[in-house]
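> here's a sequence, model it:
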Amino acid sequence: MANLNNISFEDTSIAFSSKSDEELRKSYVLFAIMDKNLIVKLGTIFINAALKLKLPVKNLIKNNLFNHFCGGESIIDSEKTVQELARFNIGTILDYAVEGENNEQAFDYTAEEIIRTIHRANGDANIPFCVFKPTGMASIDLLEKVQARRQLSEEEEMHFSNIRIRWDKVCSESFNADVKIFIDSEDSYIQDPIDEITYELMEKYNKKKAIVWNTYQMYRIGMLDSLHKAIITARDKGYKIGAKLVRGAYMEKERERAEEMGYPDPIQPNKKVTDSAYDAALKLCMDNSDIVSVCSGSHNERSNYYLTELMHQKGMKNNDKRVYFAQLYGMSDHISFNLAKAGYNVVKYVPYGPVASVMPYLLRRAEENTSIAGQSSREFLLIKSELKRRKIERVN
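A predicted model of the protein is given here:
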């Protein structure tokens, strides 16, 4: 893959320019631990048990796992992270990562919190996107029942109507504030009603620009075709598409469920096929850039290089507002910081929320780092390289 604009994801001096030696050493230890599958599993059991027993482990968690992957416990608490990323031309996506109770009151509270992130982002170029997880405002059981086309009770019909009302309220606030909003993806067995509502909201709010963005998990079979159909529909109906592309996050769970329930595995057969579908989706979006804006939510170096190459082929400037690159806070800084240094639009997902309430998110991050081949080892080897570089620089 061509290295355009002299970008090198190996340039650790840029990648870790925001971190002190002490912060780097803490990160190195953290990723070294997460590279050990058994330690992660045992640690997960311990943390869950400690929180359930109300043991005094909050400060231990906050000073390590939480501070590395989260911006703070609230929007205000995350301000330092927003400003720190902005110093390096990296935008923030404030991500309310609390997975609350499964009831209408909790769903309404989450909707109001998402709206508070939109109000914070209003007029601030450092926060170009907000985001919400659909199941933070909707019952999984209800979405599953809707997708299976089972008869809803009168109460369920009301709750499903409430989902539409909440999501519309959030997207209306985004439209009025001119803040783009990502609607995250979920498991395949509840994704259809999410897509249906999302495209209704796109048609309503994306007439002039992509305000509402859908998320496409390219490790799912048929997702490239779904994206293509979405683009055709948008052209016919006269609205813009916002497409956030990711590889996916629920592979093991999806495969286990498919096997248990006896339906075809919805996941691509291997990583090579997923990578091919992902890059094909990037090209499809870029070939339709007159109506499609794309965000590459990827920690894959090759795909990030490929998107810069596609932009170059289309004659786009590095900072063309139709194209964004996104990574998770605390991960893949070698990609984020080097792309931002070269003038591309880069954003970081910055989760926030009370420590105990975001533990499900944090534990997933730890587990994903062990399941993605070489992810943790890649991270701490880069950190090790930077610490060595700094030591040599000081000596010289």
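> excluding sequence neighbours, find me the nearest residue to Val294.
Spatial nearest neighbour of Val294, chain neighbours left out: Cys285 (3.9 Å); criterion: C-beta to C-beta, 6 or more residues apart in numbering. Just so you know, the C-beta spots here come from the backbone N, C-alpha and C atoms, and that holds for glycine as well.
> which strand or helix spans the one you found?
In this structure, Cys285 sits in helix 271-287 according to DSSP states H and E.
> tell me the angle whichever helix or strand comes after that helix makes with helix 271-287.
Proceeding N to C from helix 271-287, the next assigned helix or strand is strand 292-297, under DSSP H and E. Counting by axes from the mean of the first three to the mean of the last three C-alpha atoms, to 10 degrees, strand 292-297 lies at 150 degrees to helix 271-287.
> report the angle between the helix or strand that comes right after strand 292-297 and strand 292-297.
Later in the chain than strand 292-297, the nearest helix or strand by DSSP H and E is helix 301-313. Using the same axes, to 10 degrees, the inter-axis angle of helix 301-313 relative to strand 292-297 is 150 degrees.
> how about helix 301-313 as CSV, C-alpha atoms only?
This file holds the C-alpha atoms of helix 301-313, laid out as CSV (Å, rounded to 0.1, in the frame of the first residue of the first chain):
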residue,chain,number,x,y,z
GLU,A,301,-3.5,0.3,8.9
ARG,A,302,-4.0,-1.0,5.4
SER,A,303,-7.6,0.2,5.2
ASN,A,304,-6.6,3.6,6.5
TYR,A,305,-3.8,3.9,3.9
TYR,A,306,-6.3,2.7,1.2
LEU,A,307,-8.8,5.5,2.0
THR,A,308,-6.1,8.1,1.7
GLU,A,309,-5.2,6.6,-1.6
LEU,A,310,-8.9,6.7,-2.8
MET,A,311,-9.0,10.4,-1.7
HIS,A,312,-5.9,11.1,-3.7
GLN,A,313,-7.4,9.4,-6.8
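> distance from that helix to the middle of the chain?
Distance of helix 301-313 from its chain centroid, counting by C-alpha atoms, centre = their mean, to the nearest Å, is 19 Å.
> how about stretch 98-114?
Distance, centroid of stretch 98-114 to centroid of chain: 19 Å (C-alpha atoms, centre = their mean).
> what comes up buried for it?
Buried residues in stretch 98-114, defined by neighbour count with 16 or more other C-beta atoms under 10 Å: 98-100, 107, 109-111, 113-114.
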